[in-house]
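# I would like to see how this sequence folds:
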Amino acid sequence: MKYTLITGGSRGIGYGLARECAGRGMNLLLVARQQDTLEEVVSEISKEFPVKVHGLAVDLRDSDGPLRVWEWCRKESYRVDILINNAGVAGSTPFESSDPAYSDDRILVNIRALVLLTRYFLTELKTHPQSHILNMGSLSAYYPIAYKSVYSASKAFVHYFSRALRQELKGSNINITVIHPNGVRTNEGTFKRIDSHSGITKKLFVLELDEISRIAVNGMLKHKSIVVPGVANRMLIIITRLLPAAFRERRLANMFRKELGEIIPRE
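Numbering: from 1, shown residues only. Below is the predicted model:
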């Protein structure tokens with residue numbers, strides 16, 4: 001029996017991806033930090049869709065977190081033909097005043113866990129006639145963003161890692177896709193940021209969770225290299241590339257400086 005493994009599968013985009021994959025008849029292995037939330041989602045999807053669903057509570061920040069996921073699959077004889085590296089840690093803060101643990105969390109989950117899980121499962125993925133890796137990036141991968149320096153850099157890493165590995169595996173049975181969504185209503189921080197924009201901006205650039213999930217899975221199954229959900233978001237990348245880098249970076253810095261105005265002195 002084949003399974004789709006989704007990290008961060010109990011909340012946010014991971015939850016949306018889990019429901020989208022279950023709706024397509026895919027059996028699921030969900031990995032998340034919080035045991036109680038994970039159990040609720042496993043139970044919900046099991047009741048609603050005719051698929052097998054199993055969960056593992058593990059903190060991917062732990063040094064052995066990714067290995068524990070791999071060993072769990074081996075012990076239970078779960079055959080993974082789709083790996084979705086969705087787990088990630090976002091956030092905005094001035095780098096100078098941030099706790100070192102803040103940066104470490106983003107490096108451990110956004111980069112280290114994704115790379116190690118990909119490495120551990122690569123051999124298993126090669127045993128199937130067709131398999132997929134879907135890596136969760138962000139539109140911020142295209143921009144160096146002040147006050148989100150580690151996060152945006154980590155997503156740029158995901159972008160280039162995905163594209164480089166796709167070339168290494170070209171001609172094999174493994175397809176690699178990276179998706180770069182813009183704002184999605186997944187937590188309190190994104191709610192606040194999205195709701196601060198005008199109605200037109202939200203309508204153009206912000207997509208609902210189920211739409212993001214559908215676009216992501218469709219893009220993966222169509223063997224796309226890069227998926228940027230939403231026509232407006234794709235146009236944004238093209239248009240902003242025509243602007244001077246210094247101007248882009250200054251505008252982004254001003255936007256997040258305003259968002260964090262209570263803790264960042266105004267110039």
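
# please make it C-alpha for all contacts and neighbour counts, starting now.
OK.

# for the stretch 51-200 of the chain, which segments count as helices?
In the stretch 51-200 of the chain, the segments counted as helices under DSSP state H, counting those that start in this stretch are 65-75, 100-107, 114-125, 149-168, 188-195, 199-205.

# out of those, which comes closest to M220?
Shortest separation from M220 across the helices of the stretch 51-200 of the chain is recorded for helix 149-168, at 12.5 Å, computed as Cα to Cα.

# excluding chain neighbours, what is closest to Q34?
Using Cα to Cα, 6 or more residues apart in numbering and skipping residues adjacent in sequence, the residue nearest Q34 is A57, 6.2 Å away.

# so what's the residue count around the one you found?
A57 has 18 neighbouring residues, counting by other Cα atoms under 10 Å.

# pLDDT score for it?
The predicted local confidence for A57 comes out at a pLDDT of 98.

# flag the helix or strand of this structure with the lowest per-element mean pLDDT.
Of all the helices and strands that make up the chain, helix 188-195 has the lowest average by mean pLDDT, DSSP states H and E, namely a mean of 50.

# pull out the buried residues from the helix or strand where E249 lies.
E249 is part of helix 245-259 when elements are defined by DSSP states H and E. By 16 or more other Cα atoms under 10 Å, the buried positions in helix 245-259 come out as 248, 252-254, 256-257, 259.

# just stretch 64-79 next, same as before
Of the residues in stretch 64-79, 65-70, 73, 78-79 count as buried by neighbour count, 16+ other Cα under 10 Å.

# with stretch 40-50 instead?
Residues of stretch 40-50 classed as buried under the neighbour-count rule (16+ other Cα under 10 Å) are 41-42, 45-46, 49.

# H159 contacts A141, correct?
Yes. With contacts counted by Cα atoms under 8 Å, H159 reaches A141, the gap being 6.8 Å.

# elements contacting the helix holding E249?
Applying 3 or more Cα pairs under 8 Å, 6 or more residues apart in numbering; DSSP states H and E, one finds that helix 245-259 contacts no other helix or strand.

# picking that back up, pick the most buried one from the helices of the stretch 51-200 of the chain.
Mean neighbour counts were compared across the helices of the stretch 51-200 of the chain using mean count of other Cα atoms under 10 Å; the top stretch is helix 149-168, at a mean of 19.
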